[in-house]
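Chemist: Got a predicted model here, sequence first, then my questions.
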Amino acid sequence: MDLILWRHADAEDARRGDDLGRALTPRGRDQAERMAAWLAPRLPAATRILASPALRCQQTVATLGRPATTVAAIGPGASAEAVLAAAGWPDAGDAVLVVGHQPTLGETAARAMGETGESWSMKKGSVCWLRSGAGAGGAVLHARQSLADL
């Protein structure tokens, strides 16, 4: 199984406590489009796409041009366990792309790699691509892509 974690791109600051309503900034739209251009030709056709209900995640995933399922359980403040459960890690079989938030995605990546209690740094708009079943049944880092590398 491939688990692709995509942190939402740059977003506006929260206004009056409306974290879910934060939209992408113009810079964030550009970031999302650039990463989507990198991801699109690499994603398997059958990739299941899950997105946080936060507007910034919905706008980020929309740049990919593929249908996505909104999953409230992976919204802001979600646990790594909730993300892994929603994705079906490590047994779902097909690729799953999760568009979400930091620090949750960094914690999810670390947990999937067996690093309990750790968190990986993920910059806005970046992707971490993990693959299960490699080696002795563990996970491997397949790709890590930041906007600085595009």
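Modeler: That came in fine, so what should we check first? Numbers count the residues shown, from 1 in each chain.
Chemist: Strands of the protein, start to end?
Modeler: 2-7, 48-51, 69-70, 96-100, 127-134, 138-145 (DSSP state E).
Chemist: what lines up beside the first one in the sheet?
Modeler: So the one you mean is strand 2-7. Strand 2-7 has its sheet partners listed here by DSSP bridges as strand 96-100 (parallel), strand 127-134 (antiparallel).
Chemist: Give me the mean pLDDT for that strand.
Modeler: When pLDDT is averaged over strand 2-7, the result is 98.
Chemist: Turn the strands paired with strand 2-7 into a markdown table, including mean pLDDT.
Modeler: Putting the strands paired with strand 2-7 into a markdown table (pLDDT from 0 to 100) gives the following:
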| stretch | mean pLDDT |
| --- | --- |
| strand 96-100 | 98 |
| strand 127-134 | 88 |
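Chemist: Please identify the deepest-packed of these.
Modeler: strand 96-100 (a mean of 26; mean count of other C-beta atoms under 10 Å). From N, CA and C alone the C-beta is placed, and that goes for glycine too.
Chemist: Show me how far it is from its chain's centre.
Modeler: 4 Å (C-alpha atoms, centre = their mean, to the nearest Å).
Chemist: re the thing from before, and the strands of the chain as a markdown table, adding distance to Ala32?
Modeler: Output for the strands of the chain, formatted as a markdown table (distance: least, C-beta to C-beta, whole Å):
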| stretch | distance to Ala32 |
| --- | --- |
| strand 2-7 | 9 |
| strand 48-51 | 12 |
| strand 69-70 | 16 |
| strand 96-100 | 9 |
| strand 127-134 | 11 |
| strand 138-145 | 13 |
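Chemist: what's the distance between whichever helix in the chain runs longest and the middle of its chain?
Modeler: When the chain is parsed with DSSP state H, its longest helix is helix 26-39. Here helix 26-39 is found 13 Å from its chain centre; the criterion is C-alpha atoms, centre = their mean.
Chemist: what angle do it and strand 127-134 make?
Modeler: If you take axes from the mean of the first three to the mean of the last three C-alpha atoms, to 10 degrees, helix 26-39 sits at 30 degrees to strand 127-134.
Chemist: I'd like to know which elements helix 26-39 is packed against.
Modeler: In terms of contacts (3 or more C-beta pairs under 8 Å, 6 or more residues apart in numbering; DSSP states H and E), helix 26-39 is packed against strand 2-7, helix 55-62, strand 127-134.
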